[in-house]
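**Q** My questions are about this predicted structure, shown below with the sequence.
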Amino acid sequence: MVKSNTSTFSINFTLFLTLSILFLPIKVNAYETNAAVAYEFIGDFENDKKNIIQKAKKMACKKAFNKYIKTFDQDKLVNYKRVQDKIESNLSKYMVCDEIVDESIDFSNSTYSIVVIANISTNKIEQTMIQSSAIANNSDEGSEIVMFMLSRTVSGVKQKDKRNTKVDQNLSSEDINQIEAENEGEISISSETASTKKSVSGGNTIESSPEIFYKIEDGYNETIAGGMEELLNSAGFELVPSFEFEELDQINEDIKVAFTKESSLPSKLRRSIGKVMKVEGISYWVEGIFDIGKLETDSATGNKVVNVSVSRATLWGANSKGRFKSIATVSGNQRKGKGSSYDQAVRNAIRLCSQSVAKQMVNKLNAKGVK
């Protein structure tokens, strides 16, 4: 592959990151919080009203921001710590908190209470964290990641017959009826015996899990790459499709076969990928599968709805000895996409799901200080 020089990459990367921040769709999280200020030590409420309200608003806004921080997972929290002072010293740049929805005064206790709604610009905060990452501050050329991520649908399910185990138990019992008869002072006893047989059936049923077969959907590979590329590029990585390497042609076919039955690649295939990556001088590659669900219809709008899930995606990286090991694994990602057609709904779901996967991976890589 043709590689640009270091200075050119630095300029292009800085320009790309700046444009990403400027044109990224604004994402806002709203939080409603309250705060109370005991103003007896500040002064009379009427005389110092403006100062008291401002103090209460500041407390409520900070409380709202802390609510947002508590939603971070461990990796994101590690990344936030690097820029905490920068953000919290200038919160007005990252949030709008001037909407008062309720306020009250308790004159008997000299307390002023307020309820506000804070709108936090999550994109700005996430971009600030990305800019502080090790890879973003690396003057070298962006690290390449080769992508082995495909999408699939269920083509068939093989259900094995249930295996029944039965137990038969036979019981025998005898009932004796005795009749006493009095005959001229003598007692005679006659006996009648009845024999009964009882049959009891019972046991258990063993049911095997169904065997699921999948069909690889090649038409959505660019959608997967497009969803992941935006975030990976902004973090200083370069996503490279596997079809660019002739040495991977057979491996790509073997991967398709593997993913028709399994959700992760066999060890033999991983070793084969690692050998090619080592020869090409590439330190990272990512594997995963996007499972496309059944078509649904939104009862309210009539739009087509499809759920896409990624049960597991793994980023492999070479260590100092050139051996590949898992450095970031994300799981449990699923998104629903809507559209006027099945194809559009699938593409929207894949795009959202791939963005989620990429965001989690970038958080993990940044938290580990990967360059």
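**A** Right, received. Where do you want to start?
**Q** residue ranges with poor pLDDT in the stretch 101-250 of the chain?
**A** 134-142, 157-209 (pLDDT under 70).
**Q** Can you classify the residue most central in space within the chain by secondary structure?
**A** Nearest to the mean C-alpha position of the chain, counting by CA atoms, centre = their mean, stands residue 333 at 3.1 Å. Counting by DSSP: H, G, I helix; E, B strand; the rest coil, the backbone at residue 333 sits in strand.
**Q** who's in contact with it?
**A** Going by CB atoms under 8 Å, 6 or more residues apart in numbering, residue 333 touches 309, 310, 313, 353, 356, 357, 360. C-beta: built from backbone N, CA, C; applies to glycine.
**Q** quick one: the nearest residue to the first one once chain neighbours are set aside and residue 156, what's the gap?
**A** Yep, that's residue 309 we're talking about. With sequence-adjacent residues excluded and distances taken as CB to CB, 6 or more residues apart in numbering, residue 309 is closest to residue 334, at 3.7 Å. Distance, residue 334 to residue 156, by CB to CB, to the nearest Å: 22 Å.
**Q** Please identify which of those two sits among more neighbours.
**A** Comparing residue 334 with residue 156 by other CB atoms under 10 Å, the one with more neighbours is residue 334, at 16 against 10.
**Q** got the contact list for the more buried one?
**A** Going by CB under 8 Å, 6+ apart, the list of residues near residue 334 reads 307, 308, 309, 310, 353.
**Q** Could I get the pLDDT score of residue 4?
**A** At residue 4, the model reports a pLDDT of 41.
**Q** Which of the helices or strands spans residue 124?
**A** According to DSSP states H and E, residue 124 maps onto helix 122-131.
**Q** Tell me the buried residues in that helix?
**A** 123, 124, 125, 126, 127, 128, 129, 130, 131 (16 or more other CB atoms under 10 Å).
**Q** Let's have those residues in CSV, adding distance to residue 31.
**A** CSV is the format used below for the buried residues of helix 122-131 (distance: CB to CB, whole Å):
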residue, distance to residue 31
123, 16
124, 16
125, 13
126, 17
127, 20
128, 19
129, 19
130, 23
131, 24
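**Q** the inter-axis angle of the longest helix that the chain contains versus helix 122-131?
**A** In the chain, assigned by DSSP state H, the helix with the most residues is helix 342-368. Taking axes from the mean of the first three to the mean of the last three CA atoms, to 10 degrees, one finds helix 342-368 and helix 122-131 inclined to each other by 50 degrees.
**Q** Excluding chain neighbours, what is closest to residue 129?
**A** Closest to residue 129 by CB to CB, 6+ apart is residue 79, at 4.5 Å.
**Q** so residue 153 makes contact with residue 219?
**A** No: with contact defined as CB atoms under 8 Å, residue 153 does not count as touching residue 219 (11.0 Å).
**Q** Please compare these two by neighbour count and tell me which comes out ahead.
**A** More crowded of residue 153 and residue 219, by other CB under 10 Å: residue 153, with 15 against 11.
**Q** Contact partners for the closest residue to that one other than its chain neighbours?
**A** Counting by CB to CB, 6+ apart, the nearest residue to residue 153 once its immediate chain neighbours are dropped is residue 292, at 4.8 Å. By CB under 8 Å, 6+ apart, residue 292 lies in contact with 151, 152, 153, 217, 220, 306, 308, 346, 349, 350.
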